[in-house]
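Asks: Generate a structure from the sequence data that follows.
(one chain, ligands or ions: 2)
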Amino acid sequence: MCEILKAQHLSYSYPKSSFKALKDVNLSICEGEIVGIIGPNGSGKTTLVKSIASILQYEGSVKILGKEVKNYTRKELARILGVVAQEFSPSYDVNATEVVELGRIPYTGLLGQIAKEDAKAIEMAFESLKISHLKNRMFYSLSGGERQMVYVAKVFAQNPKLLVLDEATAHLDIGHAQRLLEKIIRFSKMDGKTVIATFHDINQAAAFSDRIVIMKEGNIVADGVPEDVLKEETLYKVYEARCTVIRHPKTGRIRVLNDLEGEQNSYQRQDTLLRSGSS
Ligand code: ADP
Ligand code: MG
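Replies: Ligands and ions are numbered 1, 2, ... in the order given. Below is the predicted model:
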């Protein structure tokens, strides 16, 4: 079976809210796909992620591997689905190894002993992210980028079939974001894992994803390969932003340039015009 996730007629309104944050969303994702979800602030990306994670009491249906997510126990779901949010903040300071060990709770239980297999999964998570040197560091002594790597190691140790990231690179600089996304691509391609990732940054989504879903006001308005959905007209309709779409000179992938006209640019242009006029 190709399908790992299927959402049908998925809707959600927050309590006391008069509008729907998700409106009849239909989405089908195959095993091994890397899907980027973009859309303006408030378009429903996080609400979609929380519905998939069975955190919200949605209307309609969300199935993972053919079973409604509401009908999984927490432990069962955590063996299949790993979620990385923008930030992870444990309620008290623990070291990085203890954070990554949390990823094994779905297998051991809260007070369960770490077995050989768990220790191996933890070791591999640290190694695959190349952060073994952080093992004994206290979580809150780490930089934002290092914390996010440790958080992802926890989810790698969980070994889910489906990894869902919600703006997981939002606070990271270009280098940390690049390393994190490359590790996630490798995690997917080596082990056939499925990844759904929401992005604030269209270009990160374009560089990362095999397929892009665009959301606006709780609806899916475009879905396809980056070449087909990242069109200047679509971006204008969705974001009300003027953009130029080009190919990356090295990778050949789609890039979106922001046609921002700063005052500085118009001054420069006026200056050039004046000079050319006076010569
Ligand atoms: P995105 O992640 O795309 O920025 P969200 O899914 O967070 O969007 O939000 C979708 C809509 O739901 C927005 O209009 C937002 O204001 C609203 N919303 C989000 N969280 C809540 C909440 N806890 N209570 C009420 N409304 C919310
Ligand atoms: Mg969000």
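Asks: Poorly predicted segments of the stretch 101-250 of the chain, please.
Replies: 110 (pLDDT under 70).
Asks: all helices of the stretch 1-150 of the chain, in order?
Replies: Counting by DSSP state H, counting those that start in this stretch, the stretch 1-150 of the chain has helices at residues 45-52, 74-80, 96-102, 105-108, 116-128, 144-158.
Asks: mind putting those helices in JSON lines, mean neighbour count and distance to ligand 2 included?
Replies: No exception for glycine: its C-beta is placed from N, CA and C like everyone else's. Formatted as JSON lines, those follow (neighbours: other Cβ atoms under 10 Å; distance: least, Cβ to the ion, whole Å):
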{"stretch": "helix 45-52", "mean neighbour count": "23", "distance to ligand 2": "3"}
{"stretch": "helix 74-80", "mean neighbour count": "15", "distance to ligand 2": "21"}
{"stretch": "helix 96-102", "mean neighbour count": "20", "distance to ligand 2": "23"}
{"stretch": "helix 105-108", "mean neighbour count": "18", "distance to ligand 2": "25"}
{"stretch": "helix 116-128", "mean neighbour count": "16", "distance to ligand 2": "25"}
{"stretch": "helix 144-158", "mean neighbour count": "23", "distance to ligand 2": "16"}
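Asks: I'd like to know which of these is closest to residue 198.
Replies: helix 45-52 (4.1 Å; Cβ to Cβ).
Asks: Is ligand 1 within reach of the closest one?
Replies: Yes: applying Cβ under 6 Å from any ligand atom, one finds helix 45-52 in contact with ligand 1 at 45, 46, 47.
Asks: State the distance from the last one to residue 58.
Replies: In this view, residue 47 and residue 58 are 9 Å apart by Cβ to Cβ, to the nearest Å.
Asks: between these two, what contacts are shared?
Replies: Shared contacts of residue 47 and residue 58 (Cβ atoms under 8 Å, 6 or more residues apart in numbering): 12, 22.
Asks: Tell me what residue 198 is bridged to.
Replies: Beta-bridge partners recorded for residue 198 (DSSP bridges): residue 37, residue 166.
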